[in-house]
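A.B. asks: predicted structure and sequence below. I'll ask about it afterward.
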Amino acid sequence: MNALTLPDIAAQASQQSMPLEWVGMCGIALPITLDGVQVRASADAGVSLDDGASRGIHMSRLYLALEAFEHAAFSVGLVRQVLERFIDSHQGLSTTAYLRLGFELLLKRPALVSPLAGWKAYPVSVDARLENGVFHVELNAQVEYSSTCPCSAALARQLIQQQFVDDFANRSNLDHAAILHWLGTAQGIVATPHSQRSTAHLHLRLAPGEEQMPFRQLIDLAEAALGTAVQTAVKRADEQAFALANGQNLMFCEDAARRLHLALQPLPWIDGFKLRVEHAESLHAHDAVAQSQWQWHLR
Ligand SMILES: Nc1nc2c(ncn2[C@@H]2O[C@H](COP(=O)(O)OP(=O)(O)OP(=O)(O)O)[C@@H](O)[C@H]2O)c(=O)[nH]1
């Protein structure tokens, strides 16, 4: 080695000859272009190290391939091109390339009643893999919603009935005005059911040949299926409409999981999915969780 040659450790032989399934970098900051707007993303980029005798992969080659996202609109085709570059730059070392890109989708959402609107940030990610020339893409999204416990609601209603019996027991003629007043007091409506901010985690495999990444359609569909998505701008009229929507939309985590399953399954651009709903209970300090999947393990 002369004085100007930089040592190349990655090119050395490994002391322990052993292939590795995934080697790369996690948490790389980069911009991607969505609908003409640059959005901050975080990338995990990796390849398999099939040649177990090689000490390491060439991290910089993966890093530099990610520059493509800076210059072209984000698309399924672009993700595939980047993965191909990962493989091309690791000839003889790797047969599988991986890329996970996480970012936030910022969507403007109208209020339920008032003419207001506000923004919601939905965490989404794209998971792609190119394995021996076969390309797979998965979309992941998180959707937050409100869930009111149906059991708690029934128990609260029973307490209100009991209070009514206690307060109006000795009255032969029920007075409409008195009952109306009673219904408007916390002494009358003595109990309220618990509800919780809940999260649906959606993982979908795109059908082969699918070029679109319809995150917005997916999120809209999930929110429609769940019925009580968390709100943005809220005036009292909106809060009242939300209270009504929750009262008409009582659900266990099992109900939420089934609704999402039935909403996702008919989508033609999906090849399989798994989903998980988490209800962050206010009744206790642990969560109620349900999962479901369809064709998830088929590849
Ligand atoms: N493989 C590997 N590289 C690492 C790791 N941590 C830091 N690096 C550094 O990543 C840098 C880039 O590696 P390479 O892509 O091989 O860089 P290079 O040899 O200049 O680039 P090429 O000529 O394209 O091979 C090197 O300076 C490595 O030391 C690690 O855990 N594994």
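C.D. replies: That came through fine. Residues are numbered from 1 along each chain as shown.

A.B. asks: okay, and the beta partners of the residue nearest to residue 226 when sequence neighbours are not counted?
C.D. replies: Take residue 226 and drop its neighbours on the chain: the residue closest to it by C-beta to C-beta, 6 or more residues apart in numbering is residue 145, 4.4 Å away. Quick note: C-beta positions are derived from backbone N, CA and C, even for glycine. Note on residue 145: beta-bridge partners residue 198, residue 229, judged by DSSP bridges.

A.B. asks: likewise residue 33?
C.D. replies: Beta-bridge pairing for residue 33 (DSSP bridges): residue 38, residue 73.

A.B. asks: from residue 175, how far off is it?
C.D. replies: Distance, residue 33 to residue 175, using C-beta to C-beta, to the nearest Å: 67 Å.

A.B. asks: so which of those two has more stuff around it?
C.D. replies: Neighbours were counted for residue 33 and for residue 175 using other C-beta atoms under 10 Å; residue 33 has more, 17 against 11.

A.B. asks: what's near enough to touch that one?
C.D. replies: The contact partners of residue 33, taken as C-beta atoms under 8 Å, 6 or more residues apart in numbering, are 39, 69-70, 72-74.

A.B. asks: from these, which two are the most distant?
C.D. replies: 39 and 72 (13.8 Å; C-beta to C-beta).

A.B. asks: buried only: go through the contacts of residue 33 for me.
C.D. replies: Buried residues within those, counting neighbours by 16 or more other C-beta atoms under 10 Å: 69, 74.

A.B. asks: mind putting the contacts of residue 33 in a markdown table, pLDDT included?
C.D. replies: Putting the contacts of residue 33 into a markdown table (pLDDT from 0 to 100) gives the following:
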| residue | pLDDT |
| --- | --- |
| 39 | 95 |
| 69 | 97 |
| 70 | 93 |
| 72 | 95 |
| 73 | 94 |
| 74 | 96 |
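
A.B. asks: near the ligand, which residues of the stretch 51-200 of the chain?
C.D. replies: Listed as neighbours of the ligand in the stretch 51-200 of the chain under the rule C-beta under 6 Å from any ligand atom: 56-61.

A.B. asks: buried subset of the residues you listed?
C.D. replies: Burial by neighbour count, 16+ other C-beta under 10 Å: within those this picks out 57-58.

A.B. asks: show me which of the residues of the stretch 51-200 of the chain next to the ligand is closest to residue 28.
C.D. replies: Nearest to residue 28 among those: residue 59, at 10.1 Å, using C-beta to C-beta.

A.B. asks: distance-wise, check the closest residue to the closest one other than its chain neighbours relative to the ligand.
C.D. replies: What sits nearest to residue 59 in space, not counting adjacent residues and going by C-beta to C-beta, 6+ apart, is residue 25, at 5.9 Å. Note on residue 25: its distance to the ligand, by C-beta to the nearest ligand atom, to the nearest Å, is 9 Å.
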